[in-house]
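Asks: Fold the following.
(2 chains)
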Amino acid sequence: MAPRLLVSNLSKSFPGVRALDDVSMSVEPGEIRALLGENGAGKSTLGKIVAGVYQRSQGSVHLDGVELGAFDEKVAGDLGIGIVHQEGSLVPQLSVAENIFAGRQPAGWLGQVDVRLMREKARALISQLGVRIDPAAKVVLLSPAQTQIVEIAKALSRDLKLLILDEPTAALTLTETERLFEIVRRLADDGVSIIYVSHRLAEIFALCHSVTVLKDGRLAGTRQVADTTTDELIRLMVGRDVHLTRAATVRKPGAIVLEAHDISAPPLVRSASVTVRSGEIVCLAGLIGSGRSEFCEAIFGARRRYGGSIRLDGRAIDPHGPWDAKRAGIGLVPEDRKNSGLFLGMDLVNNIAATVLSKVSSGVNFSESKAEALANRFVGDLRIATPSVRKLVGDLSGGNQQKVLLAKWLAMEPRLLIVDEPTRGVDVGARSEIYRLLRELADRGVALLVVSSDLPEVLALADRIVVMAEGRTVGELGGEHATEEEVLRLATRFTSSVVERRKKVVGA
Amino acid sequence: MSVAETSDTVSETANEAQPEPRDAMPLRIVRRLANSRELTLFILVVLLALAMTIAYPHNFPTGPNLRAVLLNLATVGILVCGMMLLMIAGTFDLSVGSTLALSGVWAGVVAGWWGWPAEAAILIGIAVGALAGLVNGLIVTRIGINALIATLGTLTIYRSLTYVTAGTGVTPISDAFAEYGRAADPILRLQSPFWAMLVLVLVGGWLVARTRFFRQFYFVGGNPRAAQLSGIRVDRLVLIGFVIMGALAGLAGVLGAARLNSAVVNAGVGIELKVITATVLGGASLKGGEGTILGGILGVLFIALIENAMIINAVGVFWQGLVVGLVLLFAVSLDRFKTSGRG
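Replies: Numbers count the residues shown, from 1 in each chain, chains lettered A, B, ... in the order given. Purely as a prediction, here's the structure:
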C-alpha cells in the first residue's frame, strides 16, 4: 500500500535563500511525524508546501500514491490536507462557526447563510474533539488553546487525511498542551496522518512516532522516536560547520556593571538573572519564545517588571521607562528595527540624534550642525554606506539601517548596551562588520548583553553564554569552549523536565 | 517685485543643497515644490496677493480690507499653532471649537456676572481651556482612546458644558475686559487678537523649529514605538501637546469674547475642520512627524486670501468651500512627488 504522503527531492527557493534543498520523506496513515529543526531550518516551509501555501520549486508530492501537480491551499484542502498555522488564520471578530466554515457556509435557497445548521455542524465537529466551545462565540473571546482547537476543527470540517500542525503549543499552557496532544492522538487513531512541526524536543518524545530532522533546508535524518535519543537529535539539528570564528584575543572583563536578579515580568519572564561585567559580551541564548527579549525589555524599563532587582555599577536602579534606563546608562537596540528601532521617514541625522538630544543642543536649541557632525562621525566610524547624512533611513539597505540603529545607541555612550538580534536580516559582509563593532565596544569597556537565536553567532561572540528556557535562566556556559550541543541541551532540558512533571500530573 | 526676487534666491540655495539626479524640467519643478511646502505656499500666497492687487485695485489693497483679513485669521492662526504641534506628534484635537467657546463663556461669567477684574477673567478662561486640553490628553494617553473618537466625544461634551454654564451667553461682559480684545496699535490700527497671534507664531515657530524639547514631538510622530524605546516620554509629550492646544483655544476664546464684549455660546462651531485644513495645507501629515508652524500659518493666510477674493468678487460664500477643498487636495497630492518619499 502506498504511503499517505510521499515527498521526493523537494526544493524551494525564495529570492536569495534556498529554504529547502532536496528533501524526501514519507508518512504512513495514522502516523504522527515530527518535523524538527532549528529556527530557519526549513520545517515550516516544508509544511506549507505540502499544505499548498507555498509552491515548490522542484520535486514531487504524492498523496495516497497519486501525484499532485501544482496546487494551492484550497485544492489541498479539497484533497484532505489541512494545516494549523503558527500565527492563527482565524478572523477574531467573527464567530467560531463562521470561522470554521469560512467561505463554505451552508446556504439556504436564497443563498442566505443557514446560521442554525452551520452552528450545529460546528458544534458536532468541536465535540468530536472532546471539548465544548460555543460555536456562536466570537473567536476574539477564546483562550489561545480554544483558538487552536477551532483551527483544528476548521481543518476537520473537510474529510481530513493529513493534518499539519505548525508549532501549535507556542501559546499554550501545560494542561492545554496535554489536551491538544489527546486530540492529536485520537485523530491519529482514526487514521489521519499528522505532521507535527516543532523545535521542542520534549514534546516530540511525548507525542510522536517518528521524527524527521531538517538542517539548513536539507534532510539531516529520519528516526523512529523509540530508537533515538535527545543527544542524537540535537547532533542532527546542529551538526554543521561553524563558519564564524572567535576573536583571537581574550578580553579581561572588569568590574560588574549589570546585576539583574530574579527578574519577573509575567507571563513570559518568570525568574531570570544575569550579570554582565565591563568589557564582557554575554549572550542570552534560548529558543524562540523563551523570554529573552522580554527579559531585556524588563531590564530596560520597556516592560512592566513585577519582581526582582537591578543594579548598575553597584547602585540599585528601578527603571519605570526607557528614559530612566537611558539616564542610568543602559541602551537597548531592539530586535525589530523597522517598527521599534528607526524613524524610517527621517534622515540619518535625526535618527542618530534621537537618543542624545541634549548632547546635540546648545542651551535649549537643537543644533543642526552638531547633530550633523555627530552623524558624520558615525557614518565614518561604522562605515555606513550612504550618499549623505540627510538621506532618509528608510531608503538604506538592511545592513546599513542596522548600523544606523547601533549608531543611535552608541551616540549616548552606554555603560551597558543590550543588543537584541544584532544581525537579523543583514547580509554576510555587514554581519562581520557588526561583530567587529561589538567586539571593539567590549574592548573599550562597555558591558554587552546580546540576544541571539543564531547559535554560531552566539559561539562566535560570547565571553559567557546564559541560556533561557520558558522565562527562566536555566544555565550558564563559558563562551570559549561551549558547543552548540551544550547550549541546545540546556535550552531544551528544561522543557523536557516540564514534560515529565506534566506526565506525573496527568497520571495522578 | 522684491518678493519675487527673494523666492528666486531661496530656490537656488535649495538647488545647491541637493545634488540629486536630474529629471526633466517640469518634474524637477514639481519635486522642488513638493519638497518644501512652505516655499510652495509662500509663492502661492504672494502670487494670489499680486493677482488680487491687480484685479481689485480699489477693494483688496486697502487698509480696512487688509485689517479685516488679518483680524479674521487671528483665531484660526492661534489654533493652528497648537494643532500643528499635535499633528507633528501624530495626533489631533477636534474639540478646539468647543474649548474656545467654553473658555470664552467662563471668562465672560467671571468678568461679567461675578464682576472680577478683567485680568482674572482672562487667566481663568485660558486655564479652563488648558484643563479641557488636559482632559483630552488624559483620555488619549491614559485610557488609550483614539484621538479622533476621544476629542469627538469631548467636542460635544465641552459644547454642552458651555450651554450649561451660560445658557444663551454673556452680553455685555465688561468694558475693562473688552478693552483687552479691542486695543489696537496706533500705526497699523490692528487689534490685539492679531498681535497675540503674531507673537505666538513667532515664538511658537522658533520653539518648534529650534528647541530640543519640541524636537521630540517629531520623533513621537515619526515612530512612537521607536521614540519610546529611545527614551523619549511619548505619553507625557502628547499630554503636554493637548494642554498647549487647550490653552491656545482658551486664549483664542477669551480674545474673541473680549473683542465682541460678548461670550457667545456658538463661538467656534465647525472651526476645527478649518484649522485642520490649514494645518494639513501647511505641511502636516495625518501620520505625523512632519510640519512647521510657519507652514501652518501660511496655510491660514492662503485660505484667508481665497475667502477674501470670494467676498470681494461677490462670488458668494457658497463657492468658498469648493475652492478651499480643491486647493487642499492639490497640495496634499503634491506629496506623491516627494523625491525621498517612501512607497
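Asks: Report the central residue of the chain.
Replies: I'll assume chain A. What sits nearest the mean C-alpha location of chain A, by C-alpha atoms, centre = their mean, is A:Ile288, with 3.8 Å.
Asks: Hmm, no, I was thinking of chain B.
Replies: Chain B has B:Val80 as the residue nearest its centroid, 1.4 Å off, counting by C-alpha atoms, centre = their mean.
Asks: in terms of contact, does that one touch B:Ile276 like I think?
Replies: No: counting by C-beta atoms under 8 Å, B:Val80 sits too far from B:Ile276 to count as a contact (9.1 Å). C-beta coordinates here come from the backbone N, C-alpha and C atoms, glycine included.
Asks: pretty sure the residue nearest to the centre of chain A is touching A:Ser452, no?
Replies: No: counting by C-beta under 8 Å, A:Ile288 does not reach A:Ser452; the two are 11.4 Å apart.
Asks: For chain A, which residues are neighbours of chain B?
Replies: Counting by C-beta under 8 Å from any C-beta of the partner chain, chain A comes close to chain B at A:300, A:302, A:321-323, A:325-327, A:332, A:334, A:339-346, A:350, A:354-355, A:357-358, A:360-361, A:364-366, A:391-392, A:394-395, A:408.
Asks: Now, of those, which are buried?
Replies: Buried positions within those, assessed by neighbour count (16 or more other C-beta atoms under 10 Å in any protein chain shown), are A:300, A:302, A:321-323, A:325-326, A:332, A:334, A:340-346, A:350, A:354-355, A:357, A:360-361, A:365-366, A:391-392, A:394, A:408.
Asks: Spatially, what comes nearest to the residue nearest to the centre of chain B if we skip its sequence neighbours?
Replies: B:Gly296 (4.2 Å; C-beta to C-beta, 6 or more residues apart in numbering or on different chains).
Asks: I'd say that neighbour and B:Thr279 touch.
Replies: Yes: with contact defined as C-beta under 8 Å, B:Gly296 counts as touching B:Thr279 (5.2 Å).
Asks: What's the nearest residue in chain B when you look at chain A?
Replies: B:Gly231 (3.5 Å; C-beta to the nearest C-beta).
Asks: ok, now which ones touch the closest residue to that residue other than its chain neighbours?
Replies: Spatial nearest neighbour of B:Gly231, excluding adjacent residues (C-beta to C-beta, 6+ apart): A:Lys326 at 3.5 Å. Contact partners of A:Lys326, counting by C-beta atoms under 8 Å, 6 or more residues apart in numbering or on different chains, are A:Thr355, A:Met412, B:Ser230, B:Gly231.
Asks: Next: A:Val238.
Replies: Counting by C-beta under 8 Å, 6+ apart, A:Val238 touches A:Glu38, A:Lys215, A:Leu455, A:Glu484, A:Glu485, A:Leu488.
Asks: Let me see the backbone angles for B:Ile240.
Replies: The phi and psi torsions at B:Ile240 (degrees, to the nearest 10) take the values phi -60, psi -40.
Asks: let me fix that: B:Arg67
Replies: Per degrees, to the nearest 10, the backbone of B:Arg67 is at phi -60, psi -40.
Asks: Tally up the residues packed near the nearest residue to B:Val243 once chain neighbours are set aside, please.
Replies: Nearest non-adjacent residue to B:Val243, counting by C-beta to C-beta, 6+ apart: B:Gly133, 4.5 Å away. By the criterion of other C-beta atoms under 10 Å in any protein chain shown, B:Gly133 has 30 neighbours.
Asks: The residue of chain B closest to chain A reaches A:Thr355, doesn't it?
Replies: Yes: counting by C-beta under 8 Å, B:Gly231 touches A:Thr355, with 6.1 Å between them.
Asks: hmm, what's the outermost residue in chain A?
Replies: In chain A, by C-alpha atoms, centre = their mean, A:Trp109 is the one farthest from centre (47.2 Å).
Asks: Next, count neighbours for residue 232.
Replies: Here I'm looking at chain A. Neighbour count of A:Glu232, defined by other C-beta under 10 Å: 14.
Asks: nope, chain B please
Replies: Neighbours of B:Ile232 (other C-beta under 10 Å): 23.
Asks: tell me which element the residue nearest to the centre of chain B falls in.
Replies: Element membership of B:Val80 [criterion: DSSP states H and E] is helix B:63-88.
Asks: How far away from the center of its chain is the next helix or strand after that helix?
Replies: Using DSSP H and E, the helix or strand that follows helix B:63-88 towards the C-terminus is helix B:96-108. In terms of C-alpha atoms, centre = their mean, to the nearest Å, the centre of helix B:96-108 is found 17 Å from the chain centre.
Asks: angle of the following helix or strand past helix B:96-108 against helix B:96-108?
Replies: On the C-terminal side of helix B:96-108, the nearest following helix or strand under DSSP H and E is helix B:118-138. Here the directions of helix B:118-138 and helix B:96-108 differ by 150 degrees (axes from the mean of the first three to the mean of the last three C-alpha atoms, to 10 degrees).
Asks: Just want the angle from helix B:118-138 to helix B:63-88.
Replies: Going by the same axes, to 10 degrees, helix B:118-138 makes 40 degrees with helix B:63-88.
Asks: Which positions in the stretch 201-343 of chain B make contact with chain A?
Replies: Contacts of the stretch 201-343 of chain B with chain A, taken as C-beta under 8 Å from any C-beta, map to B:210-213, B:215-216, B:218-219, B:222-223, B:225-233, B:287, B:289-290, B:340, B:342.
Asks: thinking again about what came up before, can you select the buried ones from the contacts of A:Val238 in ChimeraX?
Replies: In ChimeraX, a selection of the buried entries from the contacts of A:Val238 looks like this (16+ other C-beta under 10 Å):
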select /A:38,215,455,484,488
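Asks: Export the contacts of A:Val238 as a markdown table, with columns for distance to B:Ile173.
Replies: What follows is these, written out as a markdown table (distance: C-beta to C-beta, whole Å):
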| residue | distance to B:Ile173 |
| --- | --- |
| A:Glu38 | 76 |
| A:Lys215 | 82 |
| A:Leu455 | 76 |
| A:Glu484 | 80 |
| A:Glu485 | 84 |
| A:Leu488 | 79 |
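Asks: Filter the contacts of A:Val238 down to just the ones in strands.
Replies: Those of the contacts of A:Val238 mapping onto strands are A:Lys215, per DSSP state E.
Asks: Need the per-residue pLDDT for the closest residue to B:Thr154 other than its chain neighbours.
Replies: Closest residue to B:Thr154 apart from its sequence neighbours, by C-beta to C-beta, 6+ apart: B:Ser95 at 4.3 Å. pLDDT for B:Ser95: 96.
Asks: Please, where are all the helices along the stretch 51-200 of chain A?
Replies: For the stretch 51-200 of chain A, applying DSSP state H, counting those that start in this stretch gives helices covering A:73-79, A:96-100, A:115-128, A:144-156, A:174-189.
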